[in-house]
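Chemist: Please work out how this folds:
(chains A, B, C and D)
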Protein chains: 2
Amino acid sequence: MGGGRVQPVRAGSKELIREINASLVLAELRQGLVSRTELAKRTGLSLPTVSEIVADLLNTGVVEEREVGSSGGGRRPVLLGLKADAGYVIGIKVTETRVIAVLTDLGAQIVERATETVSGGDVGTVVRAVAKVVRRLGRSKQGKSRQVYGVGVGLAGVIDRASGVVRHATYADWHDVDLAGLLAKRIGLPVVVDNDVNTLVANEQWFGAGRGVSDVAVVSIGRGVGLGMVLDGRLYRGAGGGAGEFGHTKVVADGPLCACGGRGCLETVIGEPAILKRTKTQDIEQAADRARNGDREIAEVFDEVGRVLGTAVGNLVNLLNPKLIVLAGEGTRESDLFLPGFDDALRNAVFDGLQRDLEIVVDDWDDEAWAQGAAGLFLAELFQPNLRPDEADRPSLTARSAS
Amino acid sequence: MGGGRVQPVRAGSKELIREINASLVLAELRQGLVSRTELAKRTGLSLPTVSEIVADLLNTGVVEEREVGSSGGGRRPVLLGLKADAGYVIGIKVTETRVIAVLTDLGAQIVERATETVSGGDVGTVVRAVAKVVRRLGRSKQGKSRQVYGVGVGLAGVIDRASGVVRHATYADWHDVDLAGLLAKRIGLPVVVDNDVNTLVANEQWFGAGRGVSDVAVVSIGRGVGLGMVLDGRLYRGAGGGAGEFGHTKVVADGPLCACGGRGCLETVIGEPAILKRTKTQDIEQAADRARNGDREIAEVFDEVGRVLGTAVGNLVNLLNPKLIVLAGEGTRESDLFLPGFDDALRNAVFDGLQRDLEIVVDDWDDEAWAQGAAGLFLAELFQPNLRPDEADRPSLTARSAS
DNA sequence: CCACTTCCTTCGGTGACCTTAGGAAGCCCT
DNA sequence: AGGGCTTCCTAAGGTCACCGAAGGAAGTGG
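Modeler: Residues are numbered from 1 along each chain as shown, chains lettered A, B, ... in the order given. This is a model prediction of the structure:
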């Protein structure tokens, strides 16, 4: 049941070696055009090995020889690059009202989009809607069927990623729904389901500000407050997939009642509904506008929101000592109003010495970006070697099929 | 600078395979006596491979053939076991006043002890004291020199484990002291230095309640409050080795001033000095006795301590969703007084659904156990394969020396 | 004492790695 | 234009850890 016992690593074998090394090569190729020789240098592998791996990848069609580089007095290198259109991945963000989907190439660049409205939050409805957009994106406008490697899905809730089971969805009354299984069966593709904040994290880690940084926390603010973490270079999900319930950490003793049943949750102070209530406005934009136009009381509310968030994030830093904090979500649109207070409170809360290398980035994402993140999540799976013993049927670019 | 860029995994090679597989075999052997056939089943390796690896280990002297098991109608298995006295490891806990050292076998069982008093907290003094106990433990009573694989050291502070540099020590004015380097040079053995709570964690993970559990948080309470974490099966230290400053998370807005310069730190509420101050006693035992004998006011203080800690730990659970929480340290001696409040507050703070699989264990450790933990930390190094590319000169049982 | 079971070893094959050598393709200088 | 030099890549051969299959070793039970 999630977490459980440790089987530290998968048993070593020739195939494992090849997967690891192919992944190393692919990881370098994602950074841009590189020659074989350069690849050998960067990965630490010998040149013949790199050549052989590259030959494999060329064969599969994932990589292509691009152009010829320049050199100072010698044979010129053949630059290799990922063949972005060698295949596609679909990323999906499921919200209360809509299913937002994007088709991306292997570089996570968006190629096409599709949306479906849903209502009711019924599982069947959502599955049907997802199947519909996947079908639509699965073929080009000329009607040709596309090579789609799989689908990544993000939604708010507690999700056991290993099994793809939604333990509990935030905006619907789902319990222990095997969404990945249902979808995989329905659309016949590998499906990865994860918490939506984790999709953002994956995107950050692979394509955004967190690229190459091994310890990152992404805090999403908006209606709720979410948290995704990359620890030691890997997305951390907790024993039961429930890590990151940042919005329900208690920050006010005997504070206001939260939808979760607890009292004084962070969300009850800095979530959108809480702000609306305290500013007596209908709409967050309206509140922000007023604050910007001199409404001191409302400005005060935003300032306090920033301070509370700053302290909470500061405590997070004390616990985890990340190198980078990314603030994301709609809530960042009001960052001009709360950032000063946030910064101040953060500085006060963070233990001396953890400050110096800490970086804070505000990154505004729209719904489409979340979907793109979901695609990135699947890509991450695709590009990483299988070190764990379970996950045998994970999708992979590096595990060779028929050679 | 610490953390930094990701080099996801070490390049694959035959040696890596062997290291991984030897580690798998060793991991099984640590659980008890096992036959070759059984090892093959458990590790997923083929029998010939297991035999070969075992042959290697027998050769090295780490493993030995013990006895012959029983079978139902067939050749009886040769049971293999770790040869505990094949070598030793020294674990050391450095405190303000003493250097406590233990010599353990490869099963982390204590074989001998040694202590040195230190005063002043000067780096040179500590190094000399450590060297002294190591020298003493390094030879048996008959004066024969022992095979010692290395030394693990734990002390309170922010420590960059990769380099063994003490960024900041809690009870002394050390900054950026390369303790591991100094010690290694002085005693001529591999040295691993880490935060003392992490030594406890290592012990829990390998030999205690956390054995085989992949997500554990160990909270140490006493004079200060510490936190060590195993996340995804690995000790987590943060980008700069500074993770786990649980004692300096802010729990009271504008609370009392802490030694760290901040306000409202957890330590300022539940640390031993804080309790003494609030109960107006000289000695924590005394306070506890009074509470147990009916002093309502003091009992109230302990109850509140429990509640504050419970909420803080609850928030920790919300963030990380561990499977197990271990409470350790001298502070647990008063657990009868604060546990009820702790439990209550914890239950209220933890997000629904993260509760069900959560386990809480109180584990009282004395100073010697911390030293044993330090030994365990080194053993963990010794038994685990090198997956990372750096750490080339890490001590290891599995990387073969001259065959 | 012979069938049967279980444990372990021996042997040969595969594949991924490496090192070494050498061919290919460019530059530069006389 | 052609020989030297540099750089990039491929070819060939060796090593080693894995595996599967076959078989020897050591028991039990009829």
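
Chemist: Might one say that residue A:337 is in contact with residue A:299?
Modeler: Yes - counting by Cβ atoms under 8 Å, residue A:299 is a contact partner of residue A:337 at 6.6 Å. Any C-beta I mention is one placed from the backbone N, CA and C, and that applies to glycine too.

Chemist: what do the two both touch?
Modeler: Jointly contacting residue A:337 and residue A:299 under the rule Cβ atoms under 8 Å, 6 or more residues apart in numbering or on different chains are residue A:291.

Chemist: The single longest helix found in chain A versus helix B:296-320: what angle between them?
Modeler: Determined from DSSP state H, the single longest helix within chain A is helix A:296-320. Interaxial angle of helix A:296-320 relative to helix B:296-320 (axes from the mean of the first three to the mean of the last three Cα atoms, to 10 degrees): 80 degrees.

Chemist: residues of helix A:296-320 that come out buried?
Modeler: By 16 or more other Cβ atoms under 10 Å in any protein chain shown, the buried positions in helix A:296-320 come out as A:298-299, A:301-320.

Chemist: Buried residues of the helix or strand harbouring residue A:15, list them for me.
Modeler: Using DSSP states H and E, residue A:15 sits in helix A:14-30. Under the neighbour-count criterion of 16+ other Cβ under 10 Å, helix A:14-30 has A:16-30 buried.

Chemist: between that helix and helix B:14-30, how many degrees?
Modeler: Per the same axes, to 10 degrees, the angle that helix A:14-30 makes with helix B:14-30 is 120 degrees.

Chemist: and the gap between the nearest residue to residue A:348 once chain neighbours are set aside and residue B:176?
Modeler: Among residues not flanking residue A:348 along the chain, residue B:262 sits closest, at 6.4 Å (Cβ to Cβ, 6 or more residues apart in numbering or on different chains). Distance, residue B:262 to residue B:176, by Cβ to Cβ, to the nearest Å: 22 Å.

Chemist: between these two, which one's more packed in?
Modeler: The neighbour comparison of residue B:262 against residue B:176 (other Cβ atoms under 10 Å in any protein chain shown) goes to residue B:262, with 22 against 10.

Chemist: Which phi and psi values does the more buried one adopt?
Modeler: The phi/psi pair for residue B:262 (degrees, to the nearest 10) reads phi -90, psi 180.

Chemist: And the pLDDT for it?
Modeler: As predicted, residue B:262 sits at a pLDDT of 89.

Chemist: Tell me who's in contact with it.
Modeler: So residue B:262 contacts A:348-349, A:351, B:248, B:250 (Cβ under 8 Å, 6+ apart).

Chemist: how close does the residue nearest to residue A:348 get to residue A:82?
Modeler: Applying Cβ to Cβ to residue B:262 and residue A:82 gives a distance of 47 Å.

Chemist: cool, and residue A:323?
Modeler: Noted for residue A:323: a distance of 27 Å to residue A:82, by Cβ to Cβ.

Chemist: wait, doesn't residue A:292 sit right on residue A:337?
Modeler: Yes - with contact defined as Cβ under 8 Å, residue A:292 counts as touching residue A:337 (7.2 Å).

Chemist: Of those two, which one has the most company?
Modeler: residue A:337 (20 against 14).

Chemist: can you tell me how far that one sits from residue A:251?
Modeler: Counting by Cβ to Cβ - residue A:337 and residue A:251 are separated by 19 Å.

Chemist: Spell out which residues of the stretch 51-200 of chain A are next to DNA strand D.
Modeler: Within the stretch 51-200 of chain A, the positions adjacent to DNA strand D are A:51, A:54-55, A:71-78 by Cβ under 7 Å from any atom of the strand.

Chemist: For those residues, which ChimeraX command selects only the ones that are buried?
Modeler: Entered in ChimeraX, the line below selects the buried ones among those, by 16+ other Cβ under 10 Å:
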select /A:54,77
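
Chemist: which ones among the residues of the stretch 51-200 of chain A next to DNA strand D are found in helices?
Modeler: Reading helices off those with DSSP H, I get A:51, A:54-55.

Chemist: Let me know the closest of those to DNA strand D.
Modeler: Of all these, the one with the least separation from DNA strand D (Cβ to the nearest atom of the strand) is residue A:51, at 3.3 Å.

Chemist: residues contacting the spatially closest residue to that closest one that is not a sequence neighbour?
Modeler: With Cβ to Cβ, 6+ apart as the measure, residue A:36 is the residue that lies nearest to residue A:51, at 5.6 Å, once sequence neighbours are left out. Shown in contact with residue A:36 (Cβ under 8 Å, 6+ apart): A:47, A:50-51, A:54, A:77-78, A:80.

Chemist: try 10 Å
Modeler: By Cβ atoms under 10 Å, 6 or more residues apart in numbering or on different chains, the contact list for residue A:36 reads A:25, A:47-48, A:50-51, A:53-55, A:65, A:77-80.

Chemist: In the stretch 151-300 of chain A, what residue comes closest to chain B?
Modeler: Proximity of the stretch 151-300 of chain A to chain B (Cβ to the nearest Cβ) peaks at residue A:238, 2.8 Å away.

Chemist: contacting residues around that residue?
Modeler: Contacts for residue A:238 were tallied using Cβ under 10 Å, 6+ apart; they are A:2-3, A:158, A:160-161, A:229, A:244-245, B:214-215, B:231-232, B:317-323, B:354.

Chemist: same check, this time on residue A:14
Modeler: B:12, B:14, B:17.

Chemist: In three-state terms, label the residue most central in space within chain A for me.
Modeler: Nearest to the mean C-alpha position of chain A, counting by Cα atoms, centre = their mean, stands residue A:199 at 2.3 Å. What DSSP: H, G, I helix; E, B strand; the rest coil gives for residue A:199 is helix.
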